[in-house]
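Asker: please find the sequence and the predicted model below.
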Amino acid sequence: MSVVLSGIQCTYRIGDRPAVSIESLELTAGPVGLVGVNGAGKSTLLRTLAGARRPQAGSVTLGGEELYHRHRRTVVQQIGYMPQEIQFPAELRVTQVLAYVCWLRGIPSRTAKARTAGAIEAVGLTDRAGQLTGQLSGGMRRRLALAAALVSEPRLLLLDEPTTGLDPEQRAGVRAIISNLDQECLTVMSSHVMEDVASVTARIVVLHEGSVIYHGDTPAFVEERGGPGRSAEHAFLSTIAGS
Amino acid sequence: MIAALRAWGVSRVVLVVGVAVVVIETTATDQFTLPTIEDRINGWALVPALVALTLAEPLVDRSPELTEHATRSPVVIALARLALAYAGAVVVAGYCLFSPEGGVVAAYVLTSLALASVAAALIGPWYWAPLVPITFAWLQQTAGAFPRPSFAIPVAVLVGTVAGSSIVYAGATVIRARPAGRPPGRRRRRRP
Amino acid sequence: MIGLRTEWLGPPRVRAALLAALVGAGLVPVLDRDMPWLGSWKVALDQGTFSITTLGPVAAGIACSVYVRIRRSEVPELLAQARRPWLGWLAPGIGVWGLASLAVVLICAFTTTVTWAIGAHAYPDLFWVVPPALAVLAAEVAIGALIGSQVQHHWATPWAAVIVFMVYILSSVGVLPGVFRTGGVTGTLAGQTFHAPTFAWQALAGVGLAGGAMALSRWELFRVSGPVSRGATGLALVGAVVAMFQLRGDSDERYVFAATVQYECREGEPTVCMLLETTRPLDDLSAKMRSLSDHLEAAGAQLPEQFRQRVPGEPDPHHGFLRMRGDAVLAATVDYLTAAESLAQPAGCSAYSSDDPRVLPEVWFTVDDVLVRWLLVQEGHETAPSDGALADWWALPRARQWPWVRATYDALRDCRLHALRLPTSAS
């Protein structure tokens, strides 16, 4: 799966500076980190890639197919999206929520059960499968959100701040899940925790004030800009400062 | 489909139906007075209003982030939600039909749910807020008269109301399911 | 501590919209068909507090929604570490109650101001009835908060509104104590005032129920609250139990006869006086009565100097009394029938209000009917009947009808009701 963005302009209000303005960007299979300070446009870009926010200008193609055309749903079928915040029906159990997501995603019931079990296993919620979502901790809910994104076996997986609000152990768990994903799947993970991005992704996109100011391999990014300590954080800050 | 029904609160629909049956059995034919309303109110008048207030609840999307990324048609989702709410309403209406004096009420159960579905389409989770004062106004206007035969709703009007409100609800669901932002090339031009 | 204001309800724009929604919901029972409250400031105030009937369930729904949101967030855990966790827990509820109270006060201000603007006498000292109503509103908000906090699902919101509305209905019909009835008088409140003890019990019950419901909504935090909070809530609950026993009986005790009454009069022949709080139709009524009284004077009848609006339970044989139904007392204008009926009662004889039906002779009813009709016929608002037992008398020239009119009117004025006779063509 590859994603190509060209001439993208996303503006919330007429007259405002675009929240996202990307002349050209191509992303190919594998894990990609999307980093930027708060308000850089990460979530807007992810929502645009997820088919949930139509840009005012430009085009987004997924595997050569235009995303925002009349048959958007057939393209969206290939996308898994984990938003920053998600409300689950609190009176449902983990398996029931995923079964509901399968129904919403049009997954036939004969395969939904296996998909649900696979997603639960992938995020390590097997022992919580029968628990009500209202009783899950914050970290467990993030995992469930990830499972909901994985259940349709996407070719493009979009994760908006998947490690936010998690303790170090939970963060490590989520990183491990992302690392174990199929490398044929293009995974775009936004975060402002550089350590998470550096440890999981092969490539990195730095967004600043809605524009891409860096796009390249993650190890090279840290190597070239990370200073004497080879710090991902330092690399990020120096990139922002130099823009 | 069972998962969807569970998520939308099928258990609460069953509970509402049960409560409605108890209300019909215990108070529907009783009469009572309320302040400022001079005529006596028939217990039947409460049934359509309270059923609509609670049965319309499955029409509200409590997990919009999940629905936003659905690939199933929003029309199908809307119709499935309506089917759940109307299934409950039809059971209550059916129970009314077999109760003395309840024939007229049955149509009002469906009509009031139709009104509630329009409210749900327009203001989502706050649909119940205008229905509370409307319920009081309904009791005020129908006191002493409901459910006399003069209140009977013609079948064509009932069908039209239910169909019209369902179209409004489904239309609102489709609009909400559209991606945010204006499509390229459709900017409104200022008149010279 | 979480702000004591309304931050949990959203940004100022949302709060303004919620306030508008609450005012809109509360106005529905106020703006009913005829708006009779326009005729009396007291009724207008009572009608203003009656807005809680629909505004309260909406406020309860909002409170439910807010507490669901709080329970589903990490706030309760944060509050547990706060300096005053209990106050922090109450704060959003107080915010909702504050917003709803503002809506009630605005509605009361609207009804009383409009009534005052069209000429009603204002009794601003009676505004003390609003705080007890707001205490009831607090109880309704707390019930919503309790439901939201315990259920912790947003689907509970409409249920909270329905439950509070049903509580109001059950309270109004007497199944539950009359705590939740906040006004909605159907009479005129002429010569009456609000019964302070009932309102005090109601306020106590409202505060106690509110405190109890809030304590149950988050028992863990209430348990560790300060001794003052726990003590006050406990006392309020005990007070609420006592108050509910007091309010268990007849909820009509909300209104009692005032110790003194004042009249406003329109001088003339006759002088017409109405109670100071219900003078809306006075000008119209006195003009119509004056116009009709010319025919009685032409007949030689002697009118009493004054016609007064009657205070229930007080017969007054020295004045004529106005025979007006409640809707006529509060209306802007009256019909000629009301004016004629009032003129036809030149004294407030005790027989009219006696429990013994034998005191009022049967013939009085027919005589009254004929006299009222005669007045209306003279004024051209009725036609004389051409058939029936009295057709011959009705056919007589006016001057030949006068003796019966004069004799009848004198008997009515002197309360000699057993001296009344039906007219005959020979009279």
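Answerer: Arrived safely. All values derive from a computational prediction rather than experimental measurement.
Asker: output the set of residues of chain B in proximity to chain C.
Answerer: Within chain B, the residues that sit near chain C (C-beta under 8 Å from any C-beta of the partner chain) are B:9, B:12, B:32-36, B:38, B:46, B:50, B:53-54, B:56-57, B:60, B:62, B:125-137, B:140. Where you see a C-beta, it was placed from the backbone N, CA and C, and this is true even at glycine.
Asker: strands - which of those land there?
Answerer: Residues of the residues of chain B next to chain C located in strands (DSSP state E): residue B:32.
Asker: show me just the buried residues among the residues of chain B next to chain C.
Answerer: Buried residues within those, defined by neighbour count using 16 or more other C-beta atoms under 10 Å in any protein chain shown: B:9, B:12, B:32, B:34-36, B:46, B:50, B:53-54, B:56-57, B:60, B:62, B:125-137, B:140.
Asker: pretty sure residue A:42 contacts residue A:207?
Answerer: Yes - if you go by C-beta atoms under 8 Å, residue A:42 and residue A:207 touch, sitting 5.8 Å apart.
Asker: what's the overlap in contacts for those two?
Answerer: Common contact partners of residue A:42 and residue A:207 (C-beta atoms under 8 Å, 6 or more residues apart in numbering or on different chains): A:34, A:35, A:36.
Asker: I'd like these laid out as JSON lines, including secondary structure.
Answerer: What follows is the shared contacts of residue A:42 and residue A:207, written out as JSON lines (DSSP: H, G, I helix; E, B strand; the rest coil):
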{"residue": "A:34", "secondary structure": "strand"}
{"residue": "A:35", "secondary structure": "strand"}
{"residue": "A:36", "secondary structure": "coil"}
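Asker: can you tell me the SS state at the residue of chain C found nearest chain B?
Answerer: Using C-beta to the nearest C-beta, residue C:184 is the residue of chain C that sits closest to chain B, at 2.8 Å. Here residue C:184 is recorded as coil under three-state DSSP.
Asker: the one 5 residues further on too?
Answerer: The assignment at residue C:189 comes out as coil when based on three-state DSSP.
Asker: nearest spatial neighbour of it, skipping sequence neighbours?
Answerer: Excluding its sequence neighbours, the residue lying closest to residue C:189 (C-beta to C-beta, 6 or more residues apart in numbering or on different chains) is residue C:42, at 4.3 Å.
Asker: tell me the confidence at that neighbour?
Answerer: Note for residue C:42: predicted pLDDT of 94.
Asker: for it, what are its contacts?
Answerer: C:123, C:126, C:189, C:192, C:193, C:194, C:277.
Asker: just the strands in the chain please.
Answerer: Here I'm looking at chain A. Using DSSP E, strands in chain A cover A:3-10, A:20-27, A:30-35, A:57-62, A:65-66, A:79-82, A:156-160, A:186-191, A:203-208, A:211-217.
Asker: oops, I was thinking of chain C
Answerer: With DSSP E applied, chain C shows strands at C:192-194, C:255-257, C:263-266, C:271-275, C:306-309, C:320-322, listed in chain order.
Asker: just those strands: most buried one?
Answerer: strand C:320-322 (a mean of 26; mean count of other C-beta atoms under 10 Å in any protein chain shown).
Asker: what comes into contact with it?
Answerer: Contacts of strand C:320-322 (C-beta under 8 Å, 6+ apart): C:270, C:272, C:274, C:285, C:303-304, C:306-310, C:342-343, C:345-348, C:413.
Asker: what packs against the helix or strand of chain A with the lowest mean pLDDT?
Answerer: Within chain A, no helix or strand scores below helix A:72-76, which has a mean of 75 by mean pLDDT, DSSP states H and E. Under the contact definition 3 or more C-beta pairs under 8 Å, 6 or more residues apart in numbering or on different chains; DSSP states H and E, helix A:72-76 sits against strand A:65-66.
Asker: any idea how far the strand it packs on is from the middle of the chain?
Answerer: Strand A:65-66 sits 19 Å away from the centroid of its parent chain (C-alpha atoms, centre = their mean, to the nearest Å).
Asker: partner strands of that strand and their direction?
Answerer: Here strand A:65-66 has these sheet partners by DSSP bridges: strand A:57-62 (antiparallel).
Asker: got the shared contacts of residue A:42 and residue A:207 as CSV, with neighbour count columns?
Answerer: Formatted as CSV, those follow (neighbours: other C-beta atoms under 10 Å in any protein chain shown):
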residue, neighbour count
A:34, 28
A:35, 29
A:36, 25
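Asker: how does chain C divide into domains?
Answerer: Chain C is divided into the following domains under automatic domain parsing: C:7-257, C:263-419.
Asker: endpoints of the shortest one, how far apart?
Answerer: The one in question is domain C:263-419. With C-alpha to C-alpha, to the nearest Å as the measure, domain C:263-419 spans 32 Å from end to end.
Asker: kindly report the same for the first one.
Answerer: End-to-end distance of domain C:7-257: 45 Å, with C-alpha to C-alpha as the criterion.
Asker: and stretch C:325-344, by the same measure?
Answerer: 15 Å.
Asker: list the contacts of residue 34.
Answerer: No chain specified, so I'll use chain A. Applying C-beta under 8 Å, 6+ apart, the residues near residue A:34 are A:42, A:45, A:46, A:188, A:189, A:190, A:191, A:204, A:205, A:207.
Asker: I was after chain C.
Answerer: residue C:327 are the contacts of residue C:34 under C-beta under 8 Å, 6+ apart.
Asker: cutoff 10 Å now
Answerer: C:327, C:330, C:331 (C-beta atoms under 10 Å, 6 or more residues apart in numbering or on different chains).
Asker: what is the neighbour count of the nearest residue to the first one once chain neighbours are set aside?
Answerer: With C-beta to C-beta, 6+ apart as the measure, residue C:36 is the residue that lies nearest to residue C:327, at 6.0 Å, once sequence neighbours are left out. Residue crowding around residue C:36 was assessed by other C-beta atoms under 10 Å in any protein chain shown; the count is 23.
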